[in-house]
Structures are given as structure tokens and as C-alpha cells.
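Novice: below is the structure, and that's it, no one-letter string:
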């Protein structure tokens, strides 16, 4: 015996299914004639044209209409089902009930396809990481002094071994990344002012170069948020290298006349021999060395920051890259910062 559109639209009180909807549609089609699929397509087009649909979009494909009546469906267009039942003589209110059935069946299908939630039978003891400890003023002082010592060690190493890099900004970079630009500036000024202790008398004129490095690294992380990804940090380090070279070039040219005693001086002389202008020669030699030096310095500073964050819970929320490289420990160590 056939069913009416009203009965079919509100048949089940529980979760509906596409197979049940398809079976009810077949019964409704049989009760209406039966109606051939070709005739049904024509009626659907009339329904859509009466609703104001453009003629080019009003006629559905016969195979599309046929598929609505077939079992085993995992997806059904509710609006197409509405047009089908309207074409079979169902009223507008009852047709809306068919739409609700289709949406209910879709929710039930998605819920059954969702994988069950896996519950860990042995959860970790602490679900939240240990909180970051704030800096104690005395700890900040000791930290900055250590950063100055790192810079002086780099200067001494380069002076003794006549290396072609500078290594005079590792402590500056660490201070700028960890605490911000102005602590980095303090380390830069102190390091260059004490540079004579390493046997290099030319450090004081280069103080602005070290200061610029601290500002670019510090503001790049804190204001421009370039500490989220490794590529962004590399770009920031390259920007630091260019900025430092732009500041260093006039110092080398005006104060040292192109020769500061660094190993890169030979490159300046070689470039001048090719008739390249003096300032261009100084900048070209300096930028090559600066890029190598700042990349090396940046990654050393990154490694130091990661160790500080892991071992002493030094705050790194302003630099997500550090939190990904070195997650905070679950339990606080005995010798935390502060």
C-alpha cells in the first residue's frame, strides 16, 4: 500500500537514514502513478520555473533524479528531494518535512562515520606545563653580565685566530631575543666599551653597529613577531646583517680608511683593484662577512635561548619558535630563573 507525502515526511521519530528516505520516495512515486523518470524530470522543471529559476538551470539530469531513489546513498541533496516530492504532488509544508529528514539523515551518517574518541588509560601526571618564572632583578644583572662576557670571548677568539667573521654580537643577540631590544643595547655598549680587554683597540667606534644589531633583533621579535617560524627568523637575521653593514661601512671608511685590521680588509683591497668605488668596495666586503657572521651568531643565540628555556624555564612566549624547538619541562627544576 502506498504512503502519503505527509506520512512520509514525519514517519520516524528516531534517527533517519538515506536508505529509509529512498524507500519512502519509491513508495511515493508508485502511489503517484507510477511516474516515469522522464516525466518526473519534466515536472521538476515546471516546479523550478514557477519558483523563478532560470530555464537553463531548471531541468535536472535524469540520472541525478534516478539516483535519489536508489539505496546505498551516502549523500542526498535536500533541495532536490524537496523538488521531487513537490513534483509528485506533495504540499509545500510536507515537502519541508522531507528536507528536515534529509538533514537528520546526514547528521546521523556523519556521527556514525566519526571515529570513537581514544581515551589514554595512562594520562600524564601533569597535563599543564610548568608556568614560566618571571625574571628577578639580580638574575637579569647576572644574565646581562654573562652576555657581555660571551661577546668579549668572541672578540678575543677572532683577534687571536685572525678569523674572517666577527663573533662580537652573540651575547647581544641572546639578550635582545630573550629580554628585548634595550637590554641588548646595554650589552652592546658594554661589550664594545670593554673590547680593549681582548687586545682589540678598534671596538669602541663600532658600538653603533652592535647597537643596531640589538635593535633589529629585539624589535623584530617583539614588535614584528618574526620569531614564530624558522624562515622568519632567518629573514630577520639577514636584515640584521644588512643593517649592520650599512652602519659599519661609513665607520670603516671614515675612521679606519678602509682598513680596520680585520681579516676582511684584504677583500676591500682586491675590490678596489678592479676599479670599484671605495665605499662600494668596503660595503661589498663587509656585507659578505656580515651575512655569514650574523647567520652564525643568530643560530648560536637561538640554541642558547632554547637551552635556557628548557633547563631554566626562561620565558619564550614571545618567540613561539623556541617553544617548538625546546618545549618547557613538565616539572619545575630546582634551579629555575628567579
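Specialist: Perfect, thanks for sending it. Nothing here was measured: the structure is a model prediction, and the numbers come from that model. Numbers count the residues shown, from 1 in each chain.

Novice: give the helix, strand or coil label for residue 16.
Specialist: Per DSSP: H, G, I helix; E, B strand; the rest coil, the secondary structure class of residue 16 is coil.

Novice: if I pick it, what's in contact with it?
Specialist: Residues in contact with residue 16 (C-beta atoms under 8 Å, 6 or more residues apart in numbering) are 101, 102, 104, 105, 108. Backbone N, C-alpha and C define where each C-beta goes, glycine included.

Novice: ok, residue 106 next?
Specialist: 75, 76.

Novice: mind checking how far it is from residue 97?
Specialist: Going from residue 106 to residue 97 by C-beta to C-beta, to the nearest Å gives 15 Å.

Novice: could you do residue 252 as well?
Specialist: Residue 252 is 84 Å from residue 97, where distance means C-beta to C-beta.

Novice: these two: which is more packed in?
Specialist: Between residue 252 and residue 97, residue 252 has the larger neighbour count (other C-beta atoms under 10 Å), namely 26 against 19.

Novice: pretty sure the more buried one sits against residue 286.
Specialist: Yes. Judged on C-beta atoms under 8 Å, residue 252 makes contact with residue 286 at a distance of 6.7 Å.

Novice: list the buried residues of the longest helix seen in the chain.
Specialist: If you go by DSSP state H, the chain has its longest helix at helix 278-312. Neighbour counts over helix 278-312 (16 or more other C-beta atoms under 10 Å) mark 281-287, 289-291, 293-295, 297-298, 300-302, 304-306, 308-310, 312 as buried.

Novice: which among the contacts of residue 16 end up buried?
Specialist: In these, burial by neighbour count holds for 101, 102, 104, 105, counting by 16+ other C-beta under 10 Å.

Novice: secondary structure element for the first one?
Specialist: I take that to be residue 101. Per DSSP states H and E, residue 101 falls inside helix 92-113.

Novice: the helix or strand that that helix is followed by to helix 278-312, inter-axis angle?
Specialist: Next in sequence after helix 92-113, counting helices and strands by DSSP H and E, comes helix 137-161. Counting by axes from the mean of the first three to the mean of the last three C-alpha atoms, to 10 degrees, helix 137-161 points 130 degrees away from the direction of helix 278-312.

Novice: return the set of buried residues in helix 137-161.
Specialist: For helix 137-161, by 16+ other C-beta under 10 Å, it's 139-140, 143-144, 147-148, 150-152, 154-156, 158-159.

Novice: cool, stretch 161-170 as well?
Specialist: 165, 166, 167, 168, 169, 170.

Novice: could you dump these to TSV with pLDDT?
Specialist: Listed next are the buried residues of stretch 161-170 as TSV, based on pLDDT from 0 to 100:
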residue	pLDDT
165	86
166	86
167	90
168	93
169	96
170	96
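
Novice: out of those residues, which sit inside helices?
Specialist: Those of those lying in helices (DSSP H): residue 170.

Novice: OK, contacts around residue 249?
Specialist: Residue 249 sits next to 279, 282, 283, 286 when contact means C-beta under 8 Å, 6+ apart.

Novice: no further queries at this time; thank you.
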